[in-house]
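Student: Fold the following, please.
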Amino acid sequence: MSRKGEGLEVHPQHELSGPLRVLLIEGEGEPWLAILRDNGYIVHFRRHDRRADIEAALTAETWDLILLSCDLPDLTPTQAMDLLRRMVPTTPVVLTIERGSTTFPGDVLEGGARDFAFKSNPTRLLAAIRRECPGLMLRRVSDRRGGAHGSSAHIDEGEARFMQLASNSPECYWLVDAETQRVTYVSKAYEQIWGHRVESLYADNQDWYTFVHEEDRQRLSDAMHVHRLGGMDLNFRVLRPGEQIRWLHARNFAVRDEEGLIVSVGGIASDVTRLLGDHKQVHDFAHFDALTALPNQLMFYDQARRLIALAKRKKLPVGLVVIDLDRFHDVNQMLGRTSGDEFLRQVAGRLGESLRESDILGRLGGDVFSILLPDVSDSAQAGIVVRRLIETLTQPVCIEGHEIFATASVGVVFHPQDGHDTHELVSNAEIAMRHAKSLGRNGFQFYSAMMHEDLRDRLFLETEVRNAVLRQEFVLHYQPKVCCGSGRITGVEALIRWHHPQRGLVPPDHFIPLLEETGLIVPVGRWVIEEATRQLAAWQGMGYNLPGISVNLSARQLQSDTLIDDVAEALALSELNAACLDLEITESMLMQNAEAAINRLNALKRMGVTLSLDDFGTGYSSLAYLKSFPLDALKVDRSFVQDIAADPDDASITRAVITMAHHLKLKVIAEGVETSEQLALLISHQCDMIQGYFFSRPLAADALALLLAEDKRLPTNLLRSTTRSPMVLFVAVDGFDEVISLLKRDGHRVCVAADYPSAMTWLGDNVADVLVCAEPSADFDAAAVILRAEQLQPLCERILVTSTARQADEAVSALACSSLIHRTIHLPVAVEAFRQVVEDALARRHVSDEYQRLSHEVEIAERELVRIEEERRRLASENAALQEREGQGYQILQEVLAELANPVIGLDDDNMVVLVNDAAQACLAAYPGMPLDELLPGVSLFCDNGCLQAGGRKYSYRSRRVMLGSSASGRLLLLEEKRT
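Tutor: Next up, the predicted model:
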C-alpha cells in the first residue's frame, strides 16, 4: 500500500540499475506507483504533501525524480517549484494533473518543470522517465564515486563527457572502487562484448570472470593481482552465449582525486578477435560478416541447406525468418556510415541474445538479417519468437549520444509448405517481409501465396508513382485555416493529391510511403513548395486577403542539404514575402536528430519563414525541449480534438497544450475540427485557429478561390466577441416569464430548453454566458445537464434553481454543493432578486471574457514583439555579415594595389585621399588624409583620362568611379609615368 513515509516496491528490473528513487509530492500516490510497477520499475518512494515534510525528505535523501501535484494544501505549484529549484536544482520534476483539471500551471513549466502527466494518461510520465534515464545513470555514478567523501550532487563537465563517450563507444569501460573493489560503473558495451547483462555485474563484481576461457583464467588472475591499482595490459578470451569465443584486449589505470589519492580503478576492454585471427582467418573472412561476426550470406545459405537436408531425412519442421530494419537509410544519412555500422553491430547483438542456442542468426547484407528456427512448425511457435525479437528491438540504441529507436519488418516461412530449398524459402520470406513493411512497418507477416499478387500490385504502383512524377500528375488541394477570433480564413494548408488518369484522386497514404521509400519525396516536396507559393502569389494578385500558406515537410526533406536553397528559390520565383510561407514539421522528425534539425530550422527562420509543429501530443517530446526549437505555432493532433467534447481527459490535455503553447509565445491550431461542439470548446480554451471539415474539406485551387470570394466565416454565435449580446439559457425552468422579459428588456438574449436533449443540441451550436437549470427530478437529470455544460463550455456561469422544500434532498444537496454550481437560487424568490442573481452572473462572465480577451491580445502582442525582435536580429546579422565581407574586400583591394608598380590613389567624394599604394607614397609622397589639390595642384578630374605633372615627372592617368562598400563611393586614380 502507498502511504506517507518510505516504501520499496520490488518488481522486475527495468533499464535502470537499482531502484528508481521517486519523491511523490501529493496527497495520493498509489496511481503513479501502479503505473511504474506495471512497467517494470523498482521504486523506492516517499510521499508527502506538506512543506515541512517535503523539506525534510529533500534534505534526508537524494532523489532521481520528483512528481509534483498541482493541488497541495499549503503550497501553490509556483511556491513548490521555487522550493525544489532552491534545494534540488538538478533533480527532474514532472507535474501531475488531475483528470478534468480546469487549470494548467504553465508558469511552473517555464520555471523548470521537465514535463506534465495526467493520472488517467500515464504515457507522458513513462516517456519522461525514459528521457531522464541517461542523466539518472550519470548522477548515480557520480554519487557512488564520491561516496567516501560525502554525497556528490553534481557531475562535472569532464566526467559527463567521459560518461557520454563511454556509453556510445564499442569498447567496454568500467570503474571499480579502489577500496571496496565494488563495480561503480560499466558501459553498455559490456553486453555486446561479454554477451551478458550489465545488471548482473553490478550485483556480483566477479560475474564477468566466470565467462573467461578456462585456459586464460590463471594468467588473468595473476595479472589482476599484480596490477590491482592499474597498469594491466593483456589479451584473453571469453566465452559468449552459444560457446562463441572472443579475444579481448584489456588494460586498467588509476583514477585519482584532487589530492592525488587513488579513489577508483578504470578499465577498457576491446574486442580484438579479428586482429588476432590464426590460420583460420581467411576462412573466417570468407564465411563470416566482418562487421557483426555473424555468418554471412554464403555461410548462412550453407547452414540452411544442411539443416533442410536433415529436416527432410528426419521429417522435422524448420522455420526461416527474414528481418529488415525500418528506415536504416535515415540512420546512415543522419549520423554517418560509422555510426550506422555501430547501429548494426548493436542490433545484431540484441538479436543474438533473444534466440535459443539451436537457432542460427546470419546477416544477408545491408540491414537484412535472417534466422533459422529448427523444430518450429507453426505460426504460434514462430509468433512467440518473432514478437520477442521485435520487442527487443524497440528498446533505444544509443549512438554518439543519440537515442535511435530501431524497428523491423519481419517475414516468416516454414519448410516444406512455403518452399523446398533455401533460395525459395528466403525469397518467399522477403515477400512476407515486404508485405509487413507495406502495412506500416514494425510488425511481421507469415507468407501466403496471395502475397505474390500483392507484391506485383505494389511494384506496379511504384512504377506508376515514378511515372506520375514525370507526367506531372500530382496536384495540390488546400484546406482553410480559420481564426477563432474573427472567424475569417487566415491561411491554407497545401495537401498533395495524385490525379491518376484511371483511378482518379489517389489518397496520400497510398503513395506518400512509396515516395519516401524511393527517395522521390525530396523532388516532389520541392515541387509542392514551389507550386504552393506560386498559387498563394496568384491569389494575392487577384486581391484576396490570404496572409499565408502552410506546407508539410517530410523527414527526408528536413535532412536534405538542398532544403534551404529550395525554399529560397521558391520564394524568389513567386516574389512572396518569406513570412507568407509556413513549414510544418512533426515531433518525431525533430527528435530523430535534434541538433541537426535545430540548425536547419534556424537557417529557415533567418530567411523569415514561419515554422509550425504538426501532430503535437503524439510523439511525447519534452515540453521544455521545445524551447530549443525556433517554432511559431503548435498544431494539436486530431486524435485529441476528435473526442474533446466527450472525453474529459482529451479536453484537459488540449487545454493544457493551449496554455503551455501560449506561455511559450506560440500560436495554437487545432486540426480535425468536425462539429460545433468541438469548435465551441476550443474557442472557450482560447485556441487561436482551427481547420477541419466543420468549416471546409480540402479544395482544389478554383473551389478555394470561390470560398475566398464568398468571404465565408465561422458562425458568429460561437465566436469570442465583444459586440454580441449576452446569452442566458434556461433549462427545464417554468414559471419565470417575467424574469425572462426583464432580461430581454435589458438587452440580453434568452433561450429556453425544455429538457436534456434540446439543451445539449443548443449548447453544441451556441455560446451560453449563463445557464439557469432546474433541480433534479424523476424525469430530469440536472446533474447530467450541468456536467455536460461544464465540459462543453467551461466558462459558462451555472445557476441551480431549487425549492426550499427540497433543500434536504440528497441529490439536490450534493449538486448544489458541488464545484459545478456557481450559485443556487432557493424558491420562492422575488422576481427582482432572481433577475439580480442572473445579472450578477452575466457581469462576472463579462469580466472573465474581458480578462481573457486582454490576455489574448497581450499574447498576440508578445508574439509580434518576438517576431519583430527575430527580424531585427536577422537584419543585424545580415548587416554584420555584409560589413565583414566589405571589410575583407577592402583589405584584399589594398593588398592587390600594394603590389602594383604604378602609383594608385583612392579619393572620396570630397576629393580627399583615402587610399595610396607603396608606389604612390614613394613617387608622390602621398598619404591618406591629403586633399587632392595639395597632392596634385591644378589637376581636375572632370575627364576619365588625361595627363598631369607631379614631382618633376610626367604621368598619364585614368580615373574610374568605384563603390567602396555599401555606403561609400569615390574614385580610383591610376598613374603611369611617361617615358621619353
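Student: what about Glu28, neighbour count?
Tutor: 14 (other CB atoms under 10 Å). Where you see a C-beta, it was placed from the backbone N, CA and C, and this is true even at glycine.
Student: Now do the phi/psi pair for it.
Tutor: phi -130, psi 120 (degrees, to the nearest 10).
Student: give me phi/psi at the most centrally placed residue in the chain?
Tutor: Geometric centre of the chain, nearest residue: Glu587, 3.3 Å, by CA atoms, centre = their mean. Per-residue torsions, Glu587: phi -60, psi -40 (degrees, to the nearest 10).
Student: The nearest residue to Leu536 once chain neighbours are set aside: neighbouring residues, count only.
Tutor: Leaving aside its sequence neighbours, Leu536 sits nearest to Ile549 (CB to CB, 6 or more residues apart in numbering; 4.4 Å). By other CB under 10 Å, 23 other residues sit near Ile549.
Student: circling back to that earlier point, distance-wise, check the residue nearest to the centre of the chain relative to Asp614.
Tutor: Applying CB to CB, to the nearest Å, the value for Glu587 to Asp614 is 8 Å.
Student: swap in Ala494?
Tutor: Counting by CB to CB, the gap from Ala494 to Asp614 is 13 Å.
Student: Give the residues shared as contacts by these two.
Tutor: Asn552 (CB atoms under 8 Å, 6 or more residues apart in numbering).
Student: helices or strands up against the helix or strand where Asp330 lies?
Tutor: Using DSSP states H and E, the element containing Asp330 is helix 328-335. Applying 3 or more CB pairs under 8 Å, 6 or more residues apart in numbering; DSSP states H and E, one finds that helix 328-335 contacts helix 337-353, strand 402-404, helix 555-559.
Student: Mean confidence (pLDDT) on it, please.
Tutor: Averaged across helix 328-335, the pLDDT comes to 73.
Student: Stretch 854-869 now?
Tutor: Rounded mean pLDDT across stretch 854-869 is 76.
Student: And that stretch, what's buried?
Tutor: 856, 859, 863 (16 or more other CB atoms under 10 Å).
Student: Point out where the stretch 501-650 of the chain drops to low pLDDT.
Tutor: 591-593, 617-625 (pLDDT under 70).
Student: can you give me the helices for it?
Tutor: For the stretch 501-650 of the chain, applying DSSP state H, counting those that start in this stretch gives helices covering 508-518, 521-541, 555-559, 563-574, 587-592, 594-607, 638-642, 648-663.
Student: Out of those helices, flag the one nearest Gln678.
Tutor: Gln678 lies closest to helix 638-642 among those, at 5.8 Å (CB to CB).
Student: can you map out the strands along the stretch 101-250 of the chain?
Tutor: For the stretch 101-250 of the chain, the strands defined by DSSP state E, counting those that start in this stretch occupy 115-118, 172-177, 183-186, 233-240, 244-256.
Student: Reformat those as CSV; add mean pLDDT.
Tutor: Formatted as CSV, these follow (pLDDT from 0 to 100):
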stretch, mean pLDDT
strand 115-118, 74
strand 172-177, 84
strand 183-186, 81
strand 233-240, 82
strand 244-256, 82
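Student: Would you mind giving these as CSV with mean neighbour count and distance to Leu820 added?
Tutor: CSV is the format used below for those (neighbours: other CB atoms under 10 Å; distance: least, CB to CB, whole Å):
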stretch, mean neighbour count, distance to Leu820
strand 115-118, 22, 20
strand 172-177, 22, 58
strand 183-186, 23, 54
strand 233-240, 17, 64
strand 244-256, 16, 63
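Student: Nearest to Gly672, out of those?
Tutor: Comparing these by CB to CB, strand 115-118 comes nearest, at 20.5 Å.
Student: what is the mean pLDDT for the strand or helix carrying Glu462?
Tutor: In this assignment (DSSP H and E), Glu462 forms part of helix 450-471. Mean per-residue pLDDT for helix 450-471: 72.
Student: what do you get for stretch 776-790?
Tutor: Across stretch 776-790, the average pLDDT comes to 86.
Student: Can I get it as PDB, trimmed to CA atoms?
Tutor: Once non-C-alpha atoms are left out, stretch 776-790 reads as follows in PDB (Å, rounded to 0.1, in the frame of the first residue of the first chain):
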ATOM      1  CA  PRO A 776     -33.100  17.200 -10.300                       C
ATOM      2  CA  SER A 777     -36.300  15.200 -10.500                       C
ATOM      3  CA  ALA A 778     -37.500  11.800 -11.500                       C
ATOM      4  CA  ASP A 779     -37.700  12.700 -15.200                       C
ATOM      5  CA  PHE A 780     -34.900  15.300 -15.400                       C
ATOM      6  CA  ASP A 781     -31.200  14.700 -14.800                       C
ATOM      7  CA  ALA A 782     -30.000  18.100 -13.800                       C
ATOM      8  CA  ALA A 783     -26.500  16.900 -12.900                       C
ATOM      9  CA  ALA A 784     -26.000  15.500 -16.400                       C
ATOM     10  CA  VAL A 785     -27.000  18.800 -18.000                       C
ATOM     11  CA  ILE A 786     -24.700  20.800 -15.700                       C
ATOM     12  CA  LEU A 787     -21.700  18.400 -16.100                       C
ATOM     13  CA  ARG A 788     -22.100  18.400 -19.900                       C
ATOM     14  CA  ALA A 789     -22.300  22.200 -20.000                       C
ATOM     15  CA  GLU A 790     -19.200  22.400 -17.900                       C
END
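Student: Would you mind listing the buried residues in it?
Tutor: For stretch 776-790, using 16+ other CB under 10 Å, the buried residues are 776, 780-783, 785-790.
Student: Just the ones of the residues you listed in helices?
Tutor: Among these, the members found in helices (DSSP state H) are 782-783, 785-790.
Student: Okay, now the unreliable bits of the stretch 751-900 of the chain?
Tutor: In the stretch 751-900 of the chain, residues with pLDDT under 70: 805, 807-808, 885-890, 893.
Student: Tell me where it has helices.
Tutor: 756-765, 782-792, 810-816, 831-898.
Student: so what strands line up beside the following helix or strand past the longest one?
Tutor: In other words, helix 831-898. Next in sequence after helix 831-898, counting helices and strands by DSSP H and E, comes strand 904-908. Here strand 904-908 has these sheet partners by DSSP bridges: strand 913-916 (antiparallel), strand 969-977 (antiparallel).
Student: what is the closest residue to Trp762 other than its chain neighbours paired to in the beta sheet?
Tutor: Spatial nearest neighbour of Trp762, chain neighbours left out: Ala753 (5.5 Å); criterion: CB to CB, 6+ apart. In this entry, Ala753 is beta-bridged to Val731, by DSSP bridges.
Student: and if you look at Phe45?
Tutor: Gly7, Val22.
Student: And for Phe288?
Tutor: Residues in beta-bridge contact with Phe288 (DSSP bridges): Pro295.
Student: Show the contacting residues for Thr802.
Tutor: Residues near Thr802 by CB under 8 Å, 6+ apart: 775, 812, 816, 824-827.
Student: Quick one: buried ones out of those?
Tutor: The buried subset of those - by 16+ other CB under 10 Å - is 775, 812, 816, 824-825.
Student: Wasn't Leu68 part of a strand?
Tutor: Yes: Leu68 sits within a strand when classified using DSSP: H, G, I helix; E, B strand; the rest coil.
Student: what separates stretch 475-489 from the chain centre, distance-wise?
Tutor: 26 Å (CA atoms, centre = their mean, to the nearest Å).
Student: Between the two ends of that stretch, how far is it?
Tutor: The straight-line separation of the ends of stretch 475-489 (CA to CA, to the nearest Å) is 22 Å.
Student: Compute the mean per-residue pLDDT across it, please.
Tutor: Mean pLDDT, computed over stretch 475-489, is 92.
Student: Could you pull out the buried residues of it?
Tutor: Buried residues in stretch 475-489 (16+ other CB under 10 Å): 476-485, 487, 489.
Student: need the residues you listed in a markdown table with distance to Phe45 and secondary structure, can you?
Tutor: Listed next are the buried residues of stretch 475-489 as a markdown table, based on distance: CB to CB, whole Å; DSSP: H, G, I helix; E, B strand; the rest coil:
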| residue | distance to Phe45 | secondary structure |
| --- | --- | --- |
| Leu476 | 54 | strand |
| His477 | 53 | strand |
| Tyr478 | 53 | strand |
| Gln479 | 48 | strand |
| Pro480 | 50 | strand |
| Lys481 | 46 | strand |
| Val482 | 47 | strand |
| Cys483 | 47 | strand |
| Cys484 | 43 | coil |
| Gly485 | 46 | coil |
| Gly487 | 50 | coil |
| Ile489 | 52 | strand |
